[in-house]
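S.K.: Have a look at this prediction, sequence included:
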Number of protein chains: 2
Amino acid sequence: MTDQEPLSITTSIDLVIEARWLVPVDSSHSLREFYSVVIHHQVIVDILPTIDARVKYMPSELVVLGEHVLIPGLINAHTHIAMSLMRGMADDLPLMTWLNDHIWPAERAVISEQFVRDSSLLGCAEMLSGGITCFNDMYFFPQATAMAVNQAGMRANLGLAVLEFATSYASDADDYLRKGFEAHDSWRGNALISSSIAPHAPYTVSNQTFEKIITYAEQLGLGIHTHLHETRDEISQSESQYGMRPIQRLTELGLLGPTFVAAHGVHLLAHEIDVLTEYGCHIAHCPSSNLKLASGIAPIALLLKNGVNVGLGTDGAASNNRLDMFAEMRLAALLAKGVSEDPSTLPAHQALEMATINAAKALGLEDIIGSIEVGKQADLAAVKLSDFNTSPCYDPISHLVYSCGREHVTHTWVAGELRYSNGVYANIEPIELKEIVQTWQPKLRQYKH
Amino acid sequence: MTDQEPLSITTSIDLVIEARWLVPVDSSHSLREFYSVVIHHQVIVDILPTIDARVKYMPSELVVLGEHVLIPGLINAHTHIAMSLMRGMADDLPLMTWLNDHIWPAERAVISEQFVRDSSLLGCAEMLSGGITCFNDMYFFPQATAMAVNQAGMRANLGLAVLEFATSYASDADDYLRKGFEAHDSWRGNALISSSIAPHAPYTVSNQTFEKIITYAEQLGLGIHTHLHETRDEISQSESQYGMRPIQRLTELGLLGPTFVAAHGVHLLAHEIDVLTEYGCHIAHCPSSNLKLASGIAPIALLLKNGVNVGLGTDGAASNNRLDMFAEMRLAALLAKGVSEDPSTLPAHQALEMATINAAKALGLEDIIGSIEVGKQADLAAVKLSDFNTSPCYDPISHLVYSCGREHVTHTWVAGELRYSNGVYANIEPIELKEIVQTWQPKLRQYKH
């Protein structure tokens, strides 16, 4: 009972998050201090100074983040989440040895619906703990990945993988497509899962199949996600086989467009960057994987300068070996500076854009996620900045990219639901992850380097 | 009371550490499983299978690391620890703007014995928590850094900084030298602190001063630590002023030799690498800083191939912005692969060598630290590999470089004493660090970007 009733509190609200700092990653490029995000029915309904929020709202739940910066949930623009169980299985090897002697034999031996579900759940746990709320995937048995995504309570854009050759998943390109569309149908109506058609790469997919993919993508309104210009070998092989570089081949086939996401894009000529700009294509930049597999260094400064939308991706855990967008933000920013020999290249806020709103654009989800704006889904991550390793803090945006690690993430929300907080998952039990590792590690060990 | 007495237990011992995995970083390049390190009077006195250690020793203290890999304490081969309070103060800026408008004015305003002690203590805390037991420093007021090092219980090689121009620390080169030798005398007899003479760089030190430094270094038996070929500007300036590149100038002056540590070494011609090899010089490779300041990418694969000893350094927190050797190991390994376009370049064990034994060699301390070998000081770090983010673990050495972060470090010992464990420092109180940050941050804030 107080003399002064909170007369202005008129709104019933699910959740208010009070943050010391807020980086919305909207067009203002702003940093807000002592700001609150108001969430109702999964959606951000207000963003305002905490001093005003306390007067205006009485939420069912209040989370106070006194030493934290609140950011949009990070979006991993390219990964193979089901390779999580192959983390560190074979390193420091030439690419073809890595593939022929380790990764492919391991895949042939173990890939199944159960493996993909289990490995994906481990990947979901890793990503949630690092502030990642959504990922763009490409792998076999995507419906099994969808099961893990549903359990974890994440968001994902799952690729309907297409190859010409047989695997334990499918027998030929038509079979991949058929199974992919079955999977796509299975998660219709699930607001957290969307699809792309994912032809693996120009060197594993024929012209005929690409033509079918264009037709299906148009009919179903799906984007296309593929590996492109990742290695020099891929390009010279295309020149031998098709008499042209892959980008030209895909352009002539009619594949390029504003829903086309090319993972890697390491080796690009100036006129190819122009083509990507002209068609409104997206690049999923994977700096760790590109270095680790020795593919090279993508011309990110030039791509950005030319207006190509660039998101950041981890690639799979077999070639990274982390599903860690903080590592990718830092590496992308540092690498772009070092290669351009200009320290103002790719400043911190731009790295954060690449890990959030740019990736959302690549997935066609920029109206739903990728920034903290009224009307968008409440996909959020809180990062604590008061550790000694991140003190002092003069600029939270700089810290997010250059000083923080994913270990500083304390809370991850997807669609307004807290899915991870301080080592605890809402829907994943530690014992389940342990059992997954204990089940599969012995089966995979024989393929290790 | 048992029938079978432990008759074989004959040795009184301070400490036994039982590790799931042990990476000694010795010439065997081995990984040992279920191994114990036996420590007495600061020194490693035995390394043997745990099953044998349990029969042979009854230590005063036993530490069981059932899910950890035990490694030599990491050695940071180049840093400016007292810049820790300037972490993230100015980023994404051209080098001269960064220096002229932010770092130098801040230094002029705040540098004092108290600042250096306080900032160094924060740096010691950061390094200990990341498994770093020793660092090679260069900054003003080294006796103040020594105070912090003593409190933290770390090991350090402190540079006696020399410049031609006046700062709040000293008035001219002779004054720097005089104060440096006073500092050097002050920690004589301290087994954990050693000295180098640290002429800042070829562009800030005259020929005459370099000649004096050579004489003093010979008389006192001290190594030399300097910045060298960090930027293109430095080289072209030398060509204008001296008619030659810095390495040639220092060679002609007689500075190069087996106790000479060059930080950075980014821009090196083939014949300059030959010179470094010939004289037995050491490079302190600082990949994060070199990228962040846009200095460029050092030719590490070539240096290693030519037999130059290369250690790893973080540089200062103002240009990194972490004092994190896990980040440097990963980046060094990835970058060398990407630049050489060969994924077998700089494999994980070699990255670990650069962060341990190679750095010890650079400091002339390879008989004392840098590997886990009988007779060496017990400078050790334990890294837990059972987190979901590092599961499964097929190869702990790969994990140390590619999957782990410093957050997986659980224990850090220096000279057999536990200095850090699971968030707690033996000799540093959290409140002291908080007060340091609260005292200095307001004074520095006005110089931030």
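M.R.: Ah, there it is. This is a predicted model, so every value here is computed, not measured. Numbers count the residues shown, from 1 in each chain, chains lettered A, B, ... in the order given.

S.K.: For the strand or helix carrying A:Leu15, name the packing helices and strands.
M.R.: In this structure, A:Leu15 sits in strand A:11-22 according to DSSP states H and E. Under the contact definition 3 or more Cβ pairs under 8 Å, 6 or more residues apart in numbering or on different chains; DSSP states H and E, strand A:11-22 sits against strand A:32-40, helix A:50-56, strand A:57-72, strand A:380-384. Quick note: C-beta positions are derived from backbone N, CA and C, even for glycine.

S.K.: right, so of the ones you listed, which gets closest to A:Ile297?
M.R.: The closest of those to A:Ile297 is strand A:57-72. By Cβ to Cβ, the value is 26.6 Å.

S.K.: quick one: low-confidence parts of chain A?
M.R.: A:1-11 (pLDDT under 70).

S.K.: how does it divide into domains?
M.R.: As given by automatic domain parsing, the domain ranges for chain A are A:11-72+A:380-414, A:74-362.

S.K.: looking at these, which is buried most?
M.R.: The highest average neighbour count among the domains of chain A, using mean count of other Cβ atoms under 10 Å in any protein chain shown, belongs to domain A:74-362 at a mean of 22.

S.K.: CA atoms only: put stretch A:89-98 into PDB for me.
M.R.: Provided in PDB are the C-alpha atoms of stretch A:89-98 (Å, rounded to 0.1, in the frame of the first residue of the first chain):
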ATOM      1  CA  MET A  89      38.800 -35.200 -35.500                       C
ATOM      2  CA  ALA A  90      41.400 -34.300 -38.100                       C
ATOM      3  CA  ASP A  91      43.400 -31.100 -38.200                       C
ATOM      4  CA  ASP A  92      46.500 -29.700 -39.900                       C
ATOM      5  CA  LEU A  93      45.900 -31.800 -43.000                       C
ATOM      6  CA  PRO A  94      45.800 -31.100 -46.700                       C
ATOM      7  CA  LEU A  95      42.200 -30.600 -47.800                       C
ATOM      8  CA  MET A  96      41.900 -33.800 -49.800                       C
ATOM      9  CA  THR A  97      43.500 -35.900 -47.100                       C
ATOM     10  CA  TRP A  98      41.200 -34.400 -44.600                       C
END
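
S.K.: can you list the residues that contact it?
M.R.: Contacts with stretch A:89-98, where a contact means Cβ atoms under 8 Å, 6 or more residues apart in numbering or on different chains, come from A:101-103, A:106, A:231, A:233, A:292-295, A:318, A:321, A:444, A:447-449, B:342-344, B:347-348, B:394-395, B:398, B:402.

S.K.: would A:Lys411 count as being in a strand?
M.R.: No Lys there; residue A:411 is His. Yes: applying DSSP: H, G, I helix; E, B strand; the rest coil, one finds A:His411 inside a strand.

S.K.: On the three-state scheme, A:His267 is what?
M.R.: A:His267 - assigned by three-state DSSP - is coil.

S.K.: State the distance from it to A:Phe115.
M.R.: 33 Å (Cβ to Cβ, to the nearest Å).

S.K.: Break down the stretch 301-449 of chain A into its helices, ranges please.
M.R.: With DSSP state H, counting those that start in this stretch as the criterion, the stretch 301-449 of chain A has helices at A:325-340, A:348-354, A:357-362, A:396-398, A:430-445.

S.K.: and the stretch 251-400 of chain A, which residues reach chain B?
M.R.: Along the stretch 251-400 of chain A, the residues adjacent to chain B under the rule Cβ under 8 Å from any Cβ of the partner chain are A:288, A:290-297, A:320-322, A:324, A:327, A:330-331, A:333-335, A:337-345, A:347-348, A:388-395, A:398-399.

S.K.: mind redoing it with 6 Å?
M.R.: A:291-294, A:297, A:321-322, A:334, A:337-338, A:341-344, A:347, A:388-389, A:391-392, A:394-395, A:398-399 (Cβ under 6 Å from any Cβ of the partner chain).

S.K.: Can you flag which of the residues you listed belong to strands?
M.R.: Secondary structure defined by DSSP state E assigns none of these to strands.

S.K.: Let's check: the centremost residue of chain A is which one?
M.R.: Closest residue to the average C-alpha location of chain A: A:Asn76 at 1.1 Å, with Cα atoms, centre = their mean.

S.K.: and that residue, which of the three is it?
M.R.: strand.

S.K.: which residues does it bridge with?
M.R.: As for beta bridges, A:Asn76 partners with A:Phe135 under DSSP bridges.

S.K.: Pretty sure it sits against A:Ile132.
M.R.: Yes: with contact defined as Cβ atoms under 6 Å, A:Asn76 counts as touching A:Ile132 (5.3 Å).

S.K.: Need the residues touching each of these two.
M.R.: Counting by Cβ atoms under 6 Å, 6 or more residues apart in numbering or on different chains, the common neighbours of A:Asn76 and A:Ile132 are A:Met325.

S.K.: can you give me the strands for the stretch 51-200 of chain A?
M.R.: Assigned strands in the stretch 51-200 of chain A, in chain order: A:57-72, A:74-79, A:132-139, A:155-162, A:193-199 (criterion: DSSP state E, counting those that start in this stretch).

S.K.: CSV for these, including distance to A:Leu22?
M.R.: Below are the strands of the stretch 51-200 of chain A laid out as CSV (distance: least, Cβ to Cβ, whole Å):
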stretch, distance to A:Leu22
strand A:57-72, 5
strand A:74-79, 15
strand A:132-139, 16
strand A:155-162, 21
strand A:193-199, 27
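
S.K.: Can you get me the start-to-end distance on stretch A:185-199?
M.R.: End-to-end distance of stretch A:185-199: 18 Å, with Cα to Cα, to the nearest Å as the criterion.

S.K.: cool, stretch A:400-407 as well?
M.R.: Terminal-residue distance, stretch A:400-407 (Cα to Cα): 11 Å.

S.K.: Please enumerate residues in contact with that stretch?
M.R.: So stretch A:400-407 is contacted by A:130, A:324, A:326, A:329-330, A:333, A:348, A:351, A:383, A:390, B:88, B:321-322, B:405, B:407 (Cβ under 6 Å, 6+ apart).

S.K.: One more: stretch A:288-305?
M.R.: Contacts of stretch A:288-305 (Cβ under 6 Å, 6+ apart): A:95, A:230-231, A:265-266, A:268, A:273, A:283, A:285, A:310, A:315, A:319-320, A:331, A:336, A:339-340, A:345, B:334, B:337-338, B:341-343.

S.K.: if we go to 7 Å?
M.R.: Counting contacts by Cβ atoms under 7 Å, 6 or more residues apart in numbering or on different chains, the residues outside stretch A:288-305 that touch it are A:95, A:230-231, A:264-268, A:273, A:283, A:285, A:310, A:314-315, A:319-320, A:327-328, A:331-332, A:335-336, A:339-340, A:345-346, B:334-335, B:337-338, B:340-343.
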